[in-house]
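**Q** Mind looking at a prediction? Sequence and model below.
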Amino acid sequence: MQDNLPPYLEILNPEQREAVLHSGKNLLILAGAGSGKTRVITTKIAYLIREQGLDPRSIMAVTFTNKAAREMAARARLIDGRAGDAMMRTFHSFGAWFLRRHAVLAGLNSNFVIYDEDDTVSLLGTIDEESPRAVLRTTAALISRAKDYFLSPDDPELDLIDYRPEFRKTYALYEERLKKIGNMDFGDLIKKPVEILRSNPDLARRFRERFKVIMVDEYQDSNIAQFKLLAELSGPETYLCVVGDDDQSIYRFRGAEVRNILEFPERFPGTDIIRLERNYRSFEPILNLASSVVDHNRGRLGKTLRAERGRGKLPELAFLPDQDEEAAHCADLIQGKSTGSVRSVYSDWAILYRTNAQSLGFETALLKRGIPYKVVGSLKFYEREEIKDALALLALMVNPLDEVAFRRIINKPARGIGGTTQDKILESAYANPPVEGGLLAAARNCSLSAKAAAGIEIFASFMDKAKKLISPEEQKTKNIEPGSSSKKTGKITKWSAKNPIRADEGLSVCVASLIQDSGLAEYHSTHDEINGLQRLGNLQELVNAASLYPASEEGLAEFLEHIELDRSIEENKDTGSDFVTLITLHNTKGLEFKRVIMTGLEQGIFPREDKEGDDLEEERRLFYVGATRAMDELYLCSCAFRRMFGRTSIMTPSRFLYELDTLSIRIIGKAPIGFAGKTGLKQPALIRAAKISSDGRWKQGDRLFHDDQGYGAVMDISETDDGPIVKVCFDNGQTRRFLSLYQSGNFTKIKEDEWG
DNA sequence: TAGTTTTAAGTTTTT
DNA sequence: CTTAAAACTA
């Protein structure tokens, strides 16, 4: 035990302190959920600077999400302000930073724009004009996966991604095309730096000299390419410290390789392992519940989480008739109705679901009750057509060779430049060596119809105008542009013909000018009768966001990069500071809430499909992640029916519900057979059932659900003048006869037969 | 070629 | 049900 430790080290537990003070060899920290790993990382950064006298600039700390990177930086700075000078970024943001400086070494453009999966699909569409969109999307996903595994088109191992020679060929063509354009996709942000470091030993040496300490958070979610990047950046002298939890690996589908963490000690010989197994977040039954499910997984490093907070309220599992009741149940819980307790603070609550599509029902229910909420991470904003259009204009300014952006925007609004003309322009641009001025210049040099040529001129003229707004010479006299007529106008959220897109600061002036002069604003407001105003509002919001950046070419590039790498946007709803969080299970990683409701625990929803093997294990880990977000109270919901694609279908409870420790849970509602837990409050008796089969007729053996009796099966059907009478045997052993009342879709209301 | 109608498909999860 | 994409027509 050291004497006179500074307070920020004093407050750590022995394992945490050991991890912070550890030096010399590489370090693998196996940190269970809620064991204070972020505290360890941030403290370690501060400790290295304060006590070890390390230059902050020689420390690199990588995370996976922007939110995590921001939080890490903020918390480290709280302990020591100098920590702000350390490089704390996401893997992808580091890759972009690296490539802006060193891409030229690989003969690549450094003014690249980052292509997302959608852009990749568009580009693939110009390579392969035959295939339908769905096929292109699959190909795009495969290419992205290939890059996660650090596989190039000529790599023999590419067969493991897709053995078809066509795929190899398409991938090669795509790479060639992307290089010509000079842009990067997400995978390139990791893969290309590795290639550059490998072929430039001097540069690699300089990096190894600079970064003496490299730390990685959520290491269980790293992929092969990221592993290789780490390997290139760290030499024998580098102190490598990775933190992770194999039970929280939930991004396998995206190329994350759990073996990275499982085999870390072998890959980096001389590694010490420290386990953080004290959980400070959740009450014991919550941890027991989470562990009991993930215990069914094989191939774990294994650890025992101890609940430092001791016993608390038993988690509740509610069996509900359908998703509307589920949403109502959530609202009841939040308002404290079911328990009769005092209403809690809204921000204590989070509603978790497997897919974004599920958020809608909760939104409507909460809205109806006037409960404020925020949907986290619905990336819709940047996926909106009008926003993508506006971004294409900006992208084309940054990289005039951006074919995808060019095609997207050149004829919007219509300028008489259709697909055929576009092909002609692109063909001539690719036939000739890269033209100064990019695709627009190429278009001007192309012999086109009078109509098309005129369209090009119109387009080129406002692009030139916008360019002037960010060129250095014009900066001093920038009071001449029309958009910024008078004084500060503040944020404008509503649009009218008299109140066009406005801007008065920084880059927003240029962005506003582009959106206005290109006719994009007008195009979207007139083309969409219903949502036109909202579309303009979105465009205005984009303009507002740009005002934070300087009106220069660098500012523009920065703005675009920020948008491309961090798509989470603060939805500027007039929600105060107290709101319920609606969030996907994946998005909750790293977060915690006092009260958590996990919804949709049904086969097909969670776990999704009938997943098997490794995929099923990943779903289990997702359950573990979700459950361990809860500090005080945990609630689970499972519905008997769910509307999907406009149809109502009967659901089977999630298999995880059969796996969990029944002593750690209290059951509410009609549980299917096999649940031994205590039964809580009674649901009001409703008589309702639905069939599995969809042809509108009852069949022997049809499974159904009855609000009073629970799950059951049809034993016998007899036709009468009043319709069919069905005899049902329930899982609880009871037998009843029902008269079918009426039907809609495959959802049938029934009335209990008098003789039943 | 532009714009409209009809048909089909889809819901993972995200940097 | 909602959205995207193919098909169709002016």
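**A** Perfect, thanks for sending it.
**Q** List the contacts of the nearest residue to residue A:54 once chain neighbours are set aside.
**A** Distances taken as C-beta to C-beta, 6 or more residues apart in numbering put residue A:48 closest to residue A:54, at 4.3 Å, once the chain neighbours are dropped. Using the backbone N, CA and C atoms, a C-beta is placed for each residue, glycine as well. Neighbour list for residue A:48: A:54, A:59, A:213 [criterion: C-beta atoms under 8 Å, 6 or more residues apart in numbering].
**Q** Need the residues you listed in JSON lines (columns: secondary structure).
**A** JSON lines is the format used below for those (DSSP: H, G, I helix; E, B strand; the rest coil):
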{"residue": "A:54", "secondary structure": "coil"}
{"residue": "A:59", "secondary structure": "strand"}
{"residue": "A:213", "secondary structure": "strand"}
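**Q** most surrounded residue in these?
**A** residue A:59 (25 neighbours; other C-beta atoms under 10 Å).
**Q** Does it touch residue A:212 like I think?
**A** Yes - the pair residue A:59 / residue A:212 is scored as a contact, 7.3 Å apart, by C-beta atoms under 8 Å.
**Q** which bits of the stretch 551-700 of chain A sit near DNA strand C?
**A** Within reach of DNA strand C by C-beta under 7 Å from any atom of the strand, the stretch 551-700 of chain A has these residues: A:645-646.
**Q** make it 10 Å
**A** Residues of the stretch 551-700 of chain A lying close to DNA strand C by C-beta under 10 Å from any atom of the strand are A:643-647.
**Q** For residue A:62, grab the count of nearby residues.
**A** 27.
**Q** And the pLDDT at the residue of chain A found nearest DNA strand C?
**A** Across chain A, no residue is closer to DNA strand C than residue A:646, which sits at 2.7 Å (C-beta to the nearest atom of the strand). At residue A:646, the model reports a pLDDT of 75.
**Q** can you pick the most crowded of the residues of the stretch 551-700 of chain A next to DNA strand C?
**A** Ranked by neighbours (other C-beta under 10 Å), those are led by residue A:643, which has 15 neighbours.
**Q** I'd like the distance between residue A:40 and residue A:17.
**A** 9 Å (C-beta to C-beta, to the nearest Å).
**Q** So those two - more neighbours on which side?
**A** Under the neighbour definition other C-beta under 10 Å, residue A:40 and residue A:17 were set side by side, and residue A:40 has more, 27 against 19.
**Q** How about the residues of the stretch 251-400 of chain A by DNA strand B?
**A** So far as C-beta under 10 Å from any atom of the strand goes, the stretch 251-400 of chain A lies against DNA strand B at A:251-255, A:353-360, A:376-379, A:382.
**Q** same thing but at 6 Å, please
**A** A:253-254, A:355-357, A:377 (C-beta under 6 Å from any atom of the strand).
**Q** Farthest pair within those?
**A** A:254 and A:357 (19.1 Å; C-beta to C-beta).
**Q** between these two, who's got more neighbours?
**A** Neighbours per residue (other C-beta under 10 Å) separate residue A:254 from residue A:357, with residue A:254 holding more: 14 against 10.
**Q** Please list all residues in contact with the more buried one.
**A** Residue A:254 makes contact with A:148, A:223, according to C-beta under 8 Å, 6+ apart.
**Q** give me that answer again for 7 Å
**A** residue A:148 (C-beta atoms under 7 Å, 6 or more residues apart in numbering).
**Q** what separates it from residue A:147, distance-wise?
**A** For residue A:254 relative to residue A:147 (C-beta to C-beta), the value is 11 Å.
**Q** likewise residue A:13?
**A** 40 Å.
**Q** repeat for residue A:711
**A** According to C-beta to C-beta, residue A:711 and residue A:147 sit 46 Å apart.
**Q** what does residue A:621 give?
**A** Counting by C-beta to C-beta, the gap from residue A:621 to residue A:147 is 24 Å.
**Q** Same check on residue A:298?
**A** Look at residue A:298 and residue A:147: by C-beta to C-beta, they are 29 Å apart.
**Q** What is the burial count for the residue nearest to residue A:432 when sequence neighbours are not counted?
**A** Excluding the flanking residues, the one nearest residue A:432 by C-beta to C-beta, 6+ apart is residue A:442, at 7.2 Å. Residue A:442 sits with 24 neighbouring residues when counted by other C-beta under 10 Å.
**Q** Please apply the same query to residue A:704.
**A** 25.
**Q** ok, it touching residue A:712?
**A** Yes - the pair residue A:704 / residue A:712 is scored as a contact, 5.8 Å apart, by C-beta atoms under 7 Å.
**Q** so what sits against both of those two?
**A** Common neighbours of residue A:704 and residue A:712 (C-beta under 7 Å, 6+ apart) are residue A:728.
**Q** nearest to residue A:112, of the residues of the stretch 251-400 of chain A next to DNA strand B?
**A** Among these, and counting by C-beta to C-beta, the member closest to residue A:112 is residue A:254, at 22.1 Å.
**Q** Pull out the buried residues from the helix or strand harbouring residue A:135.
**A** Secondary structure from DSSP states H and E places residue A:135 in helix A:133-148. The neighbour-count check on helix A:133-148 (16 or more other C-beta atoms under 10 Å) flags A:136-137, A:139-148 as buried.
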